[in-house]
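J.: Got a predicted structure plus its sequence, pasted below:
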Amino acid sequence: MEIVDFLTQDAVLPRLKAASKKQALQELSATAAKLCGLHERQILGVLMEREKLGSTGLGQGIAIPHGKLAGIKHVLGVFARLEAPVEFEAVDSLPVDLMFLLLVPEGAGADHLKALARVSRLLRDKKMVEKLRATDTAEALYALLADGSAKRAA
């Protein structure tokens, strides 16, 4: 599974404004809702429930909020580069400025894990993260994410 299998250019937010973790998740939920046709509150509810289990802030300014959602047919991703980092209760206590939302259908066990692994692997690459932080257009961010994912698969 490649990032381009679940991320489209219109799901890339190059300058997301958010003052808090919840607001960032609300903005990601709003974008995801437009892409999949579900209600924003339903998506936010799934994400907030997952955050109660433990923060999806991986450290080094990166978070991968995710959840299983009834009503979607395939894995859906939304990537955001925040204008200013927000407190996210990450494992290293550092604020988050790069977020990759993943939503998967309720019965998608293996696809969920494959998508999480793909995104996690990509965002562990320090050079990739530097490039993402230095880029501020949706087109360029999407190109980096798509190209970076393809190179890792090769």
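T.: Cool, the structure landed. Residues are numbered from 1 along each chain as shown.

J.: When you work out contacts or count neighbours from here on, use the C-alpha atoms and nothing else.
T.: Noted.

J.: Quick one: mean pLDDT for the strand or helix carrying residue 78?
T.: Per DSSP states H and E: residue 78 is located in strand 76-86. Strand 76-86 carries an average pLDDT of 97.

J.: Put the alpha carbons of that strand into CSV.
T.: Included here for strand 76-86 are C-alpha records, laid out as CSV according to Å, rounded to 0.1, in the frame of the first residue of the first chain:
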residue,chain,number,x,y,z
LEU,A,76,-8.5,7.9,3.7
GLY,A,77,-5.6,10.2,4.6
VAL,A,78,-5.3,13.9,5.3
PHE,A,79,-1.9,15.6,5.7
ALA,A,80,-1.4,18.9,7.4
ARG,A,81,1.5,21.2,8.0
LEU,A,82,0.5,23.5,10.9
GLU,A,83,1.4,27.2,10.8
ALA,A,84,2.4,27.0,14.4
PRO,A,85,3.1,23.8,16.5
VAL,A,86,0.4,22.8,19.0
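
J.: what lines up beside the helix or strand following it in the sheet?
T.: Going down the chain from strand 76-86, the next helix or strand is strand 96-105, by DSSP H and E. Strand 96-105 has the following sheet partners, assigned by DSSP bridges: strand 62-63 (parallel), strand 66-69 (parallel), strand 76-86 (antiparallel).

J.: What is the burial count for residue 49?
T.: Neighbours of residue 49 under the rule other Cα atoms under 10 Å: 12.

J.: do the same with residue 52
T.: 9.
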